[in-house]
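Asker: All I have is the shape, not the residue letters:
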Ligand SMILES: [Zn+2]
C-alpha cells in the first residue's frame with residue numbers, strides 16, 4: 001500500500017480518488033484480518049475443547065444411521081459456519097461496500113441470496129456426499145476411484161451448465177439486442193474464428209457497481225456473458241478488447257486445462273483421503289472414540305490444508321500466466337490500447353490497489369496487477 005503511484009500509472013487516479021482508494025484498501029485489509037482471526041479462533045476452540053467429538057455424540061443421540069449421521073453432522077456444521085459468517089458478510093456489504101458506493105444490494109435481496117446459497121449447498125453437497133458414502137460402503141478402499149468419477153462428472157456438468165442452471169437462480173440474463181454493439185461483436189468473433197451460442201447481458205448491477213465479463217460453457221454450449229455494469233462503463237472497442245481477451249482464453253484452451261487440473265487434484269486428494277479415512281486416530285484427535293466417516297473427513301481436511309494451500313499457490317501462478325497469454329492474444333487484433341484503457345477504467349472504478357506487494361501477489365492474486373498487464377501489453 002505504498003502511497004506513491006508507479007510512474008506508468010500516474011494520472012489514472014486524481015488526488016481525492018486515490019485517497020479514497022487508500023481508505024478503501026485499509027478498510028478491506030482490516031476487515032479481512034478481523035474476520036480471518038475470528039474464524040481461526042473458533043476452529044482452535046473447537047479443536048482444543050473437542051467440539052467436533054461433542055457434536056458427534058449429540059447427533060448420535062438423534063440417529064446412528066450410516067447415511068443420516070454424516071449428512072446431518074456435516075449439515076449442522078455447514079449451517080453453523082453460515083450463521084457465523086452472516087454478520088461479517090452483512091458488514092462487508094452494507095457498511096464497507098455501501099460506504100464506498102459499490103453496494104446496490106438490498107437487505108431483502110441479501111437475505112434471499114444467503115438462503116438460496118444455503119439451499120444449493122445442502123442439495124448439491126448432500127447428493128455428492130450421499131453418493132460418496134454409498135461408494136465407501138460398497139467398495140471399501142477402492143471408493144476413491146468411484147468417488148473421483150462422481151466428482152469429476154459433477155465438475156464437468158457444472159462447467160457446462162453453470163450459467164444455464166445456477167446463474168438464473170441469482171441473476172437475470174438477457175440476450176444482447178441486435179444493434180451496433182452486437183453487430184461489432186459478431187463480426188469480431190467471426191474474424192477470430194470463434195463460435196458461440198449467444199451473447200448475454202447479466203444484471204450484475206442489482207448487487208454491485210463492480211463490472212465483469214466471462215464466457216462459460218464447454219463445447220457447443222458456450223456463451224459470452226457481459227455484466228450490464230461493464231456495458232455502461234466501457235466504450236464499444238474496449239468491450240471488444242475484453243472479448244478478445246476472453247476468446248484468447250478459449251483459443252488457448254484455458255478452460256479445459258483448468259478443468260483437467262481440478263479433476264487431477266481431486267483424484268490425488270481422494271486417493272490420499274482413502275489412505276487415512278479408516279484410521280481411528282483422526283476421529284480421536286477431534287475428540288471422539290468412535291471412528292466415523294465424517295470425523296475422518298474433517299480431520300483429513302485439517303491435515304491436508306497445507307497441501308491445499310500449496311495447490312492453490314500453483315493454480316494462482318498458472319492463472320496469472322494464462323492472463324498474460326490471453327492478453328497477448330488481444331495484440332493480434334491490435335486492440336491492446338483499448339484493453340489498457342478498459343482495464344484502467346475498471347481498476348479505478350473498483351478502487352483497485354495499484355501497489356500490491358509482490359509476495360502478496362504471488363500468494364493471493366489469480367490475475368497479474370494492472371501495471372504488469374500494461375507492461376506485458378505494451379512490450380512485444
Ligand atoms: Zn482473463
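Answerer: Structure received. Just so you know, these numbers come straight off a predicted model, no measurement behind them. Residues are numbered from 1 along each chain as shown.

Asker: Checking residue 2 next. Helix, strand or coil?
Answerer: Using DSSP: H, G, I helix; E, B strand; the rest coil, the secondary structure recorded for residue 2 is coil.

Asker: Span of stretch 283-295 from start to end?
Answerer: By Cα to Cα, to the nearest Å, the extent of stretch 283-295 from end to end equals 5 Å.

Asker: what sits up against it?
Answerer: With Cβ atoms under 8 Å, 6 or more residues apart in numbering as the test, stretch 283-295 has contacts from 47, 49-54, 56-57, 60, 69-70, 73-74, 133, 136, 277-280, 282, 296, 298-299. Every residue, glycine included, has its C-beta placed from N, CA and C.

Asker: For this protein, what lies in contact range of the ion?
Answerer: For the chain, the residues in contact with the ion (Cβ under 5 Å from the ion) are 323, 326.

Asker: need the helix or strand of the chain with the lowest average pLDDT.
Answerer: Sorting the helices and strands of the chain by mean pLDDT, DSSP states H and E puts strand 213-216 at the bottom, at a mean of 69.

Asker: Can you give the distance of the helix or strand that that strand is followed by from its chain's centre?
Answerer: Helices and strands here follow DSSP states H and E; after strand 213-216, the next one along the chain is strand 223-227. Relative to its chain's centre, strand 223-227 lies at 17 Å (Cα atoms, centre = their mean, to the nearest Å).

Asker: ok, strand 223-227: who's next to it in the sheet?
Answerer: Here strand 223-227 is paired, per DSSP bridges, with strand 198-202 (parallel), strand 213-216 (antiparallel).

Asker: Would you format those as JSON lines with mean neighbour count included?
Answerer: Putting these into JSON lines (neighbours: other Cβ atoms under 10 Å) gives the following:
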{"stretch": "strand 198-202", "mean neighbour count": "19"}
{"stretch": "strand 213-216", "mean neighbour count": "19"}
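
Asker: for residue 67, what are its contacts?
Answerer: Residue 67 neighbours (Cβ under 8 Å, 6+ apart): 130, 133-134.

Asker: Looking at these, which is nearest residue 79?
Answerer: Of all the contacts of residue 67, residue 79 sits closest to residue 130, with 17.5 Å by Cβ to Cβ.

Asker: The closest one: which element?
Answerer: helix 126-139.

Asker: What helices and strands are in contact with that helix?
Answerer: Judged by 3 or more Cβ pairs under 8 Å, 6 or more residues apart in numbering; DSSP states H and E, helix 126-139 is in contact with helix 68-91, helix 143-161.

Asker: hang on, the earlier thing: make CSV from the contacts of residue 67 and add pLDDT and neighbour count to it.
Answerer: CSV is the format used below for the contacts of residue 67 (pLDDT from 0 to 100; neighbours: other Cβ atoms under 10 Å):
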residue, pLDDT, neighbour count
130, 94, 13
133, 94, 19
134, 94, 16
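
Asker: ok, so of those residues, who is nearest residue 255?
Answerer: residue 130 (28.7 Å).

Asker: And the closest residue to that closest one other than its chain neighbours, its phi and psi?
Answerer: Spatial nearest neighbour of residue 130, excluding adjacent residues (Cβ to Cβ, 6 or more residues apart in numbering): residue 67 at 6.4 Å. With angles defined as degrees, to the nearest 10, residue 67 sits at phi -90, psi -40.

Asker: tally of neighbours for residue 98?
Answerer: Counted with other Cβ atoms under 10 Å, residues neighbouring residue 98 total 14.

Asker: Give me the contact list for the host helix or strand of residue 186.
Answerer: Here residue 186, judged by DSSP H and E, is contained in helix 180-192. Under the contact criterion Cβ under 8 Å, 6+ apart, helix 180-192 has outside partners 176, 195-196, 199, 224, 231, 236, 239-240, 243-244, 247, 251, 333.

Asker: For that helix, list every residue counted as buried.
Answerer: Across helix 180-192, burial judged by 16 or more other Cβ atoms under 10 Å covers 181, 185, 188-189, 192.

Asker: Look at residue 177 and give its secondary structure.
Answerer: Classification of residue 177 by three-state DSSP places it in coil.

Asker: contacting residues for it?
Answerer: Applying Cβ under 8 Å, 6+ apart, no residues contact residue 177.

Asker: And for residue 114?
Answerer: Residues in contact with residue 114 (Cβ under 8 Å, 6+ apart) are 82, 86, 89.

Asker: at 7 Å what do you get?
Answerer: residue 86 (Cβ atoms under 7 Å, 6 or more residues apart in numbering).

Asker: now the helix or strand containing it: mean pLDDT?
Answerer: Element membership for residue 114 (DSSP H and E) is helix 107-120. Helix 107-120 shows an average pLDDT of 95 in the prediction.

Asker: Any idea how far that helix is from the middle of the chain?
Answerer: Here the centre of helix 107-120 is set off from its chain's centre by 17 Å, with Cα atoms, centre = their mean.

Asker: so residue 144 makes contact with residue 268?
Answerer: No. The pair residue 144 / residue 268 is not scored as a contact, 9.7 Å apart, by Cβ atoms under 7 Å.

Asker: among the helices and strands packed on helix 126-139, which is nearest residue 351?
Answerer: Closest among those, using Cβ to Cβ: helix 68-91, at 17.9 Å.

Asker: Can you give me the buried ones in the closest one?
Answerer: Those buried within helix 68-91 under the rule 16+ other Cβ under 10 Å are 69-75, 77, 88.

Asker: Show the average pLDDT along it.
Answerer: Averaging pLDDT along helix 68-91 gives 96.

Asker: cool, and stretch 284-301?
Answerer: Summarised as a single mean, pLDDT over stretch 284-301 is 93.

Asker: Centroid-nearest residue for the protein?
Answerer: Of all residues in the chain, the one closest to the mean position by Cα atoms, centre = their mean is residue 366, 10.1 Å from it.

Asker: Just confirm it is within a helix.
Answerer: No. Using three-state DSSP, the secondary structure at residue 366 is coil, not a helix.
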